[in-house]
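S.K.: Here is a sequence together with a model predicted from it:
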Amino acid sequence: MKRLTLCSALLLVLTGCATTGDLEETRRQLDQVNRQASTRLNEVESKLSNEKLLEMVSQLEAMKAEVAKLRGDVEVLNYNLQTTQKRQNDLYNDLDGRLGHLENSGAKPAAAPHGDASAAADGGAATSPDYDKALNLLRARDFAKAADALRSFIEQNPQAPQVAEATYWLGVSHTALRQYDAAIDIHRRFVEQFPDHHFAPEALRNIGNCQRDLGQMDQAKTTYKRLIKLYPKSDSAQKARQQLAKM
């Protein structure tokens, strides 16, 4: 009995030792699997992180490009605005200067330096109430109403001595309203009908300016050159030379 008891005890001990070894091996394998899984997981996370980072960098570059484009657009808009404001101010200053002598001379149009018959008559006749009204609208910079008043005056008084000058101011009114095609057509007819009028050089310059503002640079250059050729000593020709130098 004692011997059987000892064998049983020894078997239990051996069995217990074998089970513990298997458990340790299993734990070792599990630890290895866990380490491999952890390493793999870190690699996946790192890859995902890098891809996300690259995506964010790509988005950032796209945003920078968009911001740069917007800044360029803003600069172009600011330049166009400043250019438009300058041209509008130049037009207003010219308008004030040309209308100023009418106020100083009792609202009579200026005489023509070239001595043509129509302009001479224009300088020697008093203006009509309708024409005075149109000029007052010009002074007030109400160009839309001024254009209507001038057109009405011309249609109702085709033989009036002020028709030539009224036609010029009608073109100026359309220019101020940025109705450049209409202004070009009116000024062109004015120059054809009254080539010796004192406003003829400026009418040609206005045509060139309107063509320039419409982006018709070649036509504008041709008009400026024609102005210089026809009226070389005029102030308008000098301004046309300056404009050509900038184009």
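M.R.: Structure's in. What do you need?

S.K.: centre of the chain versus stretch 176-191, how much separation?
M.R.: 23 Å (Cα atoms, centre = their mean, to the nearest Å).

S.K.: go on, stretch 239-247?
M.R.: With Cα atoms, centre = their mean, you get 22 Å for stretch 239-247.

S.K.: what does that stretch contact?
M.R.: By Cβ atoms under 8 Å, 6 or more residues apart in numbering, the residues outside stretch 239-247 that reach it are 204-205, 208-209, 212, 217, 220-221, 224-225, 227-228. The way it works is simple: take the backbone N, C-alpha and C, and place the C-beta from them, glycine included.

S.K.: And these, which is closest to T167?
M.R.: Using Cβ to Cβ, L204 comes nearest to T167 of the contacts of stretch 239-247, at 13.9 Å.

S.K.: Show me where the protein dips below the pLDDT cut-off.
M.R.: 1-23, 80, 98-127 (pLDDT under 70).

S.K.: Centroid-nearest residue for it?
M.R.: By Cα atoms, centre = their mean, the chain has its centre lying nearest to L77, at 3.7 Å.

S.K.: And the lengthiest helix in the chain, what does it pack against?
M.R.: Counting residues, the longest helix found in the chain (DSSP state H) is helix 2-104. Judged by 3 or more Cβ pairs under 8 Å, 6 or more residues apart in numbering; DSSP states H and E, helix 2-104 is in contact with helix 129-139, helix 163-176, helix 200-213.

S.K.: And it, how far out from the chain middle?
M.R.: 37 Å.

S.K.: same check, this time on stretch 175-195
M.R.: 25 Å.

S.K.: Could I get the buried residue list for it?
M.R.: By neighbour count on 16 or more other Cβ atoms under 10 Å, the buried set for stretch 175-195 is 175-176, 179-180, 182-184, 186-188, 190-191, 194.
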